[in-house]
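>>> Got a predicted structure plus its sequence, pasted below:
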Amino acid sequence: MSTAAGLLGRIGRQMAVSDPGFVRLHKAAATALTVLLTIGVMIGFIAATGDALPVAVLGVIVSMQAAWAVKDRTVEGRLLTTFLLPLPAAGSMALASVLMPYGKLADVGFILVLFVAVWVRRFGPRGQALGMLGFISYFFALFLHVELRQLPSLVAAIVLGVAVAFTVRRWLMPDRPRGEVRRLARALRATSSWVLAVPGPDRAHDVEELRRRLARLADTGLLIEDWLDRNDASLHLDVTGHELSLKLFEAQIATEQLAIALWSLGPQTRWPPQLGKAMTAVASTLQDRPSAESLRAARRLAAEAARGEDSAGRSGLATLLALRVVQAHTAIHRITAHATADPSPSPVPKPHAEPEVSESRGLDPNTRAAIQVAVATSAATILGELVSPARWYWAVLTAFLVFTGVSTRGEILTKAGNRVAGTVVGVAAGVLLALVVGQRPVLQLALIVVCVFFAFWLVSVSYGWLAFFMTVMLAMLYGLLGRFSIDVLELRIYETAVGAVVGIAAAYFVLPVKTRATFVDAVERYLAQMSELIEESVEAVLTRGDGQDLVTHARALDTELQAVLTAGKPLVFGPTSRGRRGTRRLLRVLQVAGQSAHALARTGVNAAGMPPEQAPSPETAAALRDAAALVRERIDLAAKVVVGKGPVVLPERMVDSPVLDVLETAPNEPGPLRASVRSLSRLLRTIMELLG
């Protein structure tokens, strides 16, 4: 029994690491439940009205989109958007039914709807969800060759589908902020435990593996920050959002620094006794559900181990960092331990702030994408009909979807490739599964729901999974309708390929957004944010500034890093090995530099709480500012190298002394000054690696 419980515990912790807070799991389960309930409702609807089965299929598709596509940042916002979804869906359906008798005019209307569906993304998640429902409804009207007399039944199916989605979101599986933050805190402990699991002496220390773990830790921290953006922490916890943000930042940075310190010790068979005690305390603190007594005991053990340790030595530094990890994670656990229930959400959703208006110059990105989609879908309509007059809509669907959530040529190429690959493999799996299942309606319905769950659970891992499971679901659906055919599924491959090629062509030749230019812009913004964070952190060390402002700047740096990683992902799979290696190296250096900047910000946060009389002397302050200016100068130089702005004179060698010389102006003792010098020195070496 204990072995089985231990295995389940390990599986649960691994899931917590891969899906922090089970956010993806909750959304996929809610979508699958919505589809399941809608199937039951629509079966009753067509039985009562005598409508054809395709009407029920429309209700199911609309409910699936209503469950998944709504992504407003607040609970009330998501409910309001769901409530509004029937409007664009019914409007598109009505427009299609009016234009259908006029042949090609209906196709022109389709292109117009596609343009508007992309253009309204400028209004944020609500605009994107409403536009997607409008597109899906018009698309389905063309698929069914809707007549005006059928409109009441179809609108009723839309309303029923959305009503089911609203019911699931409002009552059956509502978003519960307190439960979510508690799960995210557990995920933070699980991820931290994984990050600190140093390989044994029989395994080499893979630095790339450490970087991957630290990146996962940063992602988990950002999810909690996202929760703080979407919720008023003071309504659900005993602290404000600012206070929780500070504790979270402390836990993340202390864990990062401890992991780096442990890995720097090398694959030793045994840690020094004091470090061993401290790590025992860390392990106790990072349990899935630590008790109050175990937390108190862990804190006492870590404090005892750290007593008398000096941060000058590697093992001593690791021991002191272990104490900080225990203290930080204990604080977060105490904050979230009682966040177990939520009051019901407000019954009357309220609209929130107006969407932000882009300040970028030139053509708005959403307008650009709308024009690209209009051109791509127009071409896909023509070419798709040449391949198959009856199945052309698959080409149009692919040409539209490859532009969803992406903007650059490389991103669109990657997404189109994933969709084609997922479709090809999905057709093979769907054919085999359909032959095995046969005509068993209950089993086919169950498999449809299972496919919906896994499609939306794994979509953030790879878009190819969504294409795969949607194709398998389509095979089950055709079997349920009695229209299963291998030839039809083969046509799906051809039409998907046509849509992908057309989408890629539109991305490359119609108002293209170059991948490398987007990546370079993201790197430039990231380095500029890092330079600003360095200046703010050093001023906090010297003048005891605002610690919360530093946390905000550090999170902004994390956000910019995510933008860099997203923009650089297509380049990592670029056509030339030299380009791939160069991009990977640049991303590695930027991530390491970000960790050093985090450590510097943490020093500033700690110094902000110290009395002004403990501030460094004017001589030390001037030396530290000069050292920070040197590092910022090197960062600006690195930005010019990446961006390629004009001739750049590289320094002949990296000189650490202007940074390390700061310590000669003050006593070399533990504290914010020495920690800031150490962070600046490490940051300087990292940036010089980029320049070298």
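Now that the structure is in, tell me what you want to look at.

>>> hey, where'd the helices end up in the stretch 451-600 of the chain?
Under the criterion DSSP state H, counting those that start in this stretch, helices of the stretch 451-600 of the chain are mapped to 463-481, 486-509, 515-543, 547-572, 577-608.

>>> and residue 57, what element?
In this assignment (DSSP states H and E), residue 57 forms part of helix 53-68.

>>> Can I get that helix in PDB? Just the C-alpha atoms.
The C-alpha atoms that make up helix 53-68 are tabulated as PDB, following Å, rounded to 0.1, in the frame of the first residue of the first chain:
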ATOM      1  CA  LEU A  53     -28.100  15.400 -36.700                       C
ATOM      2  CA  PRO A  54     -25.900  18.200 -38.200                       C
ATOM      3  CA  VAL A  55     -27.900  20.700 -36.100                       C
ATOM      4  CA  ALA A  56     -26.700  18.800 -33.000                       C
ATOM      5  CA  VAL A  57     -23.200  18.800 -34.300                       C
ATOM      6  CA  LEU A  58     -23.300  22.600 -34.600                       C
ATOM      7  CA  GLY A  59     -24.300  22.900 -31.000                       C
ATOM      8  CA  VAL A  60     -21.500  20.600 -29.900                       C
ATOM      9  CA  ILE A  61     -18.900  22.500 -31.900                       C
ATOM     10  CA  VAL A  62     -20.100  25.900 -30.600                       C
ATOM     11  CA  SER A  63     -20.100  24.700 -27.000                       C
ATOM     12  CA  MET A  64     -16.500  23.300 -27.400                       C
ATOM     13  CA  GLN A  65     -15.300  26.700 -28.700                       C
ATOM     14  CA  ALA A  66     -17.200  28.500 -26.000                       C
ATOM     15  CA  ALA A  67     -15.500  26.400 -23.300                       C
ATOM     16  CA  TRP A  68     -12.000  26.800 -24.800                       C
END
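
>>> so which of the helices of the stretch 451-600 of the chain gets nearest residue 623?
Taking Cβ to Cβ as the measure, these were each checked against residue 623, and helix 515-543 came out nearest at 10.5 Å. Heads up, the C-betas are built off the backbone N, CA and C, glycines and all.

>>> buried residues in the closest one?
515-516, 518-520, 522-527, 529-531, 533-542 (16 or more other Cβ atoms under 10 Å).

>>> got the angle between that helix and helix 486-509?
Counting by axes from the mean of the first three to the mean of the last three Cα atoms, to 10 degrees, helix 515-543 points 70 degrees away from the direction of helix 486-509.

>>> Just want the angle from helix 515-543 to helix 577-608.
Note on geometry: by the same axes, to 10 degrees, helix 515-543 and helix 577-608 are set 20 degrees apart in direction.

>>> about what we covered before: helices or strands up against the helix holding residue 57?
Contact partners of helix 53-68 among helices and strands, from 3 or more Cβ pairs under 8 Å, 6 or more residues apart in numbering; DSSP states H and E: helix 23-49, helix 124-144, helix 151-167, helix 463-481.

>>> Which strands and helices lie in contact with the third one?
What it means is helix 151-167. helix 23-49, helix 53-68, helix 75-84, helix 86-99, helix 124-144.

>>> and the last one, what other elements does it pack with?
Using 3+ Cβ pairs under 8 Å, 6+ apart as the contact definition, the elements that helix 124-144 packs against are helix 53-68, helix 75-84, helix 86-99, helix 104-119, helix 151-167, helix 393-401.
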